[in-house]
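Engineer: need the 3D shape of this:
(one chain, ligands or ions: 1)
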Amino acid sequence: MDSRDSRVAGGTDAVTVKNVTVLETGTCDIETPSAPCAIVVIGACGDLARRKLLRALYRLFRNGGLPADFFIVGADLPDKTSREYRDLIKESLRELGGEDVLQKDWSNFASQIHYCTIDTETASPYAPVADFLSDTFKKQDMPGNRLFYLAVPPSRYADIVGDLGKASLAPEDNGFGGWSRVVIEKPFGHDLATAQQLNKSIQKFFREDQIFRIDHYLAKETVQNILMFRFANAIFEPVWNRRYIDHVQIMAAETLGVEHRGVYYEHAGVLRDMFQNHMLQLLAMIAMEPPSIFEADRVRDERIKVFRSLRPFPVDRLDDHLVLGQYAAGNGPKGEVPAYRDEPEVDNDSLTPTFAMVKVFVDNWRWHGVPFYLCSGKRMAEKTSEITIQFKEVPHLMFRKVLPETIRPNLLSIRVQPNERITMTFQAKSPGAKICLQPVRMNFHYASIHEGDLLDAYETVILDCLLGDHTLFVRQEGVELCWSFLSPILEACETCDNRRQALHLYRAGTWGPSRVEELMNRDGRSWHAARSQ
Ligand code: BG6
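Structural biologist: Purely as a prediction, here's the structure:
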């Protein structure tokens, strides 16, 4: 069964879009930031800036997501003119495809892009940026609103923030007027101590409300929808607890390997790369209580309460709660791929995990005793991020005399990406004279209510920074609580005697080590998040 079969009776406003009946159509237009501003991209020639940020800015520009008065300053080490930088961006957009950079709006957009060379040999490397901003604000009669996006390796965050401070770019009372905000990418620190240290360095110059710590998973359309789904519908909340839910599986599988990020990844591994941030944030969205009002700080308070309720990890029973893996040679999206250990800049005897499954409990009234199985890996069979809520079995099997098979419990799956959708699986009678059941699915596909692309996570992030909305960003307290939870696990994994034996190799292009199934089976459950395609 799919949504074709599950139309709801529509009122006069109902329209049918593909297979879904949308009862009321509404616009959900971009909220255009009204305040004129400068967007300073630091690390402007790097991968993140070229592939993601400038593209996101261009798309926002085309869709009315940038203020009427804005300009972009690319700041980086290579010596370039603004014209050369614009050409570089144009070329990158061309390579990415999907954007017609030759349209007339490209030249309007490009005319707002400027470039400043940073000279780290001087006492104040960002003085040229400060001079440029000051001149342009004056010339264009703009207030000094400015956003600094640090698209650089994490090891440079503290120094760059210090340099912005030296150039008087951070404080809001520096004579420019207007606001000053800084965007910091993950990973925020390497562990609890370094995260605290980094925060101290940043807070010397920027207040907490000027800092936007990104977790791009929170900006994904479908992740935001979890809150709407849970709290704008009355029917789910009553069953969203330990009385009805058996367990939750949260999966983020990737087909990509470590690519050219060997140096970083060797240092991080999957637990720091995906769990400290994305996986725990997804867990918080599923487990949090409803805030009294949809406001940034209230929503963030509730997410933080979940982190505070995480049961300390039983490091003496790692086998029951954790599976670590590393990909061996196998298949990637375009054919054969090497093992992790044979990737560039990776130690050929590396014990860095590229896959992990962690069983987590949230110790509060709602979730007592409900395991959350979080799982993420590189070079897996498919790219998919999905959350599956498995409900409990029916309390009494009234069909047991006529039905040979057991009745499978209901599943609710939220597919975060790709092919975003929500699916409910339930039992229905198979047509015919005999009493037979079969599991059927009811699907809601995002594509059926939205033509074209959804807003990309980076577009959302930039837009929210310009609007000053912190809802999708992480507070320092959240960062620290996540590190506090994860640090004992990391320490246990990285210092245990049987580190080599505890790392299970899996063939690239599969769903990870079979050990995951074993752990789930021991718990009397099965692993289906990735197999419900
Ligand atoms: C990043 C990780 O934060 O998220 C990467 O550093 C990972 O290793 C990426 O590939 C996954 O993001 P997405 O949006 O592609 O699921």
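
Engineer: rest of the way, CA atoms for contacts and neighbours
Structural biologist: Will do.

Engineer: residue most distant from the centroid, the chain?
Structural biologist: A433 (48.6 Å; Cα atoms, centre = their mean).

Engineer: does the closest residue in space to G512 that isn't next to it in sequence belong to a helix, a strand or coil?
Structural biologist: Spatial nearest neighbour of G512, excluding adjacent residues (Cα to Cα, 6 or more residues apart in numbering): Y506 at 5.4 Å. Of the three states, Y506 takes strand according to DSSP: H, G, I helix; E, B strand; the rest coil.

Engineer: tell me the pLDDT of Y506.
Structural biologist: Here, the pLDDT recorded for Y506 equals 97.

Engineer: beta partners of it?
Structural biologist: Y327 (DSSP bridges).

Engineer: so it touches L324, yeah?
Structural biologist: No. Between Y506 and L324 there is no contact under Cα atoms under 8 Å: 10.1 Å.

Engineer: between the two, who's got more neighbours?
Structural biologist: Comparing Y506 with L324 by other Cα atoms under 10 Å, the one with more neighbours is L324, at 29 against 23.

Engineer: so the more buried one makes contact with F355?
Structural biologist: Yes. Contact criterion Cα under 8 Å: L324 and F355 qualify, at 5.7 Å.

Engineer: hmm, back to that, now do the residue farthest from the centre of the chain against Q427, distance only.
Structural biologist: According to Cα to Cα, to the nearest Å, A433 stands 17 Å off from Q427.

Engineer: check S514 too.
Structural biologist: 29 Å.

Engineer: low-confidence ranges, the stretch 401-533 of the chain, go.
Structural biologist: Of all residues in the stretch 401-533 of the chain, those with pLDDT under 70 make up the ranges 402, 404-405, 452-454, 529-533.

Engineer: at 80 what do you get?
Structural biologist: In the predicted model, the stretch 401-533 of the chain carries pLDDT under 80 at residues 401-406, 433-436, 450-455, 528-533.

Engineer: with the chain instead?
Structural biologist: Applying pLDDT under 80 to the chain flags residues 1-30, 96-104, 173-176, 396-406, 433-436, 450-455, 528-533.

Engineer: got the buried residues for the lengthiest helix in it?
Structural biologist: The helix that spans the most residues within the chain, counting by DSSP state H, is helix 476-495. Using 16 or more other Cα atoms under 10 Å as the test for burial, helix 476-495 gives 476, 478-487, 489-490, 493.

Engineer: quick check: the farthest pair among those residues?
Structural biologist: The largest separation in the buried residues of helix 476-495, counting by Cα to Cα, is between Q476 and C493 at 25.2 Å.

Engineer: now do the buried residues in stretch 133-143.
Structural biologist: So, applying 16+ other Cα under 10 Å, buried residues of stretch 133-143: L133, S134, F137, M142, P143.

Engineer: is it possible to get TSV of those residues that adds distance to R408 and secondary structure?
Structural biologist: Formatted as TSV, the buried residues of stretch 133-143 follow (distance: Cα to Cα, whole Å; DSSP: H, G, I helix; E, B strand; the rest coil):
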residue	distance to R408	secondary structure
L133	62	helix
S134	65	helix
F137	64	helix
M142	62	coil
P143	61	coil
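
Engineer: the stretch 51-200 of the chain: helices as residue ranges?
Structural biologist: 54-62, 82-96, 104-110, 127-139, 157-166, 192-203 (DSSP state H, counting those that start in this stretch).

Engineer: and those helices: which comes nearest A234?
Structural biologist: Closest among the helices of the stretch 51-200 of the chain, using Cα to Cα: helix 54-62, at 34.2 Å.

Engineer: distance of the spatially closest residue to W367 that is not a sequence neighbour from H368?
Structural biologist: Nearest non-adjacent residue to W367, counting by Cα to Cα, 6+ apart: R242, 5.1 Å away. Using Cα to Cα, R242 is found at 6 Å from H368.

Engineer: got the contact list for S201?
Structural biologist: S201 makes contact with A158, V161, G162 under the criterion Cα atoms under 8 Å, 6 or more residues apart in numbering.

Engineer: which of these are buried?
Structural biologist: V161, G162.

Engineer: make JSON lines from the contacts of S201 and add distance to D523 to it.
Structural biologist: Listed next are the contacts of S201 as JSON lines, based on distance: Cα to Cα, whole Å:
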{"residue": "A158", "distance to D523": "44"}
{"residue": "V161", "distance to D523": "48"}
{"residue": "G162", "distance to D523": "50"}
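
Engineer: pick the one among the contacts of S201 closest to F148.
Structural biologist: For the contacts of S201, the nearest to F148 is V161 (9.4 Å; Cα to Cα).

Engineer: for that closest one, what are its contacts?
Structural biologist: The contact partners of V161, by Cα under 8 Å, 6+ apart, come to S201, I202, F205.

Engineer: what's the answer for T510, then?
Structural biologist: Applying Cα under 8 Å, 6+ apart to T510 gives the contacts R379, M380, A381.

Engineer: go with 7 Å
Structural biologist: Going by Cα atoms under 7 Å, 6 or more residues apart in numbering, T510 touches M380, A381.

Engineer: for V323, give the beta-bridge partners.
Structural biologist: M357.

Engineer: that one: how many residues sit nearby?
Structural biologist: Applying other Cα under 10 Å, we find 24 residues neighbouring V323.

Engineer: burial check on Q501, number of neighbours?
Structural biologist: Neighbours of Q501 (other Cα under 10 Å): 10.

Engineer: which other helices and strands does the helix or strand hosting F444 contact?
Structural biologist: Using DSSP states H and E, F444 maps to strand 437-445. Using 3 or more Cα pairs under 7 Å, 6 or more residues apart in numbering; DSSP states H and E, the elements in contact with strand 437-445 are strand 421-429.

Engineer: wait, isn't L411 in contact with K392?
Structural biologist: No. Counting by Cα atoms under 7 Å, L411 stays clear of K392, with 9.3 Å between them.

Engineer: what about the two, which has more around it?
Structural biologist: Higher neighbour count among L411 and K392: L411, with 22 against 16, using other Cα under 10 Å.

Engineer: mind listing what that one touches?
Structural biologist: T388, I389, Q390, F391, M424, T425.

Engineer: need these in JSON lines (columns: distance to P312).
Structural biologist: Output for these, formatted as JSON lines (distance: Cα to Cα, whole Å):
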{"residue": "T388", "distance to P312": "23"}
{"residue": "I389", "distance to P312": "23"}
{"residue": "Q390", "distance to P312": "24"}
{"residue": "F391", "distance to P312": "25"}
{"residue": "M424", "distance to P312": "32"}
{"residue": "T425", "distance to P312": "33"}
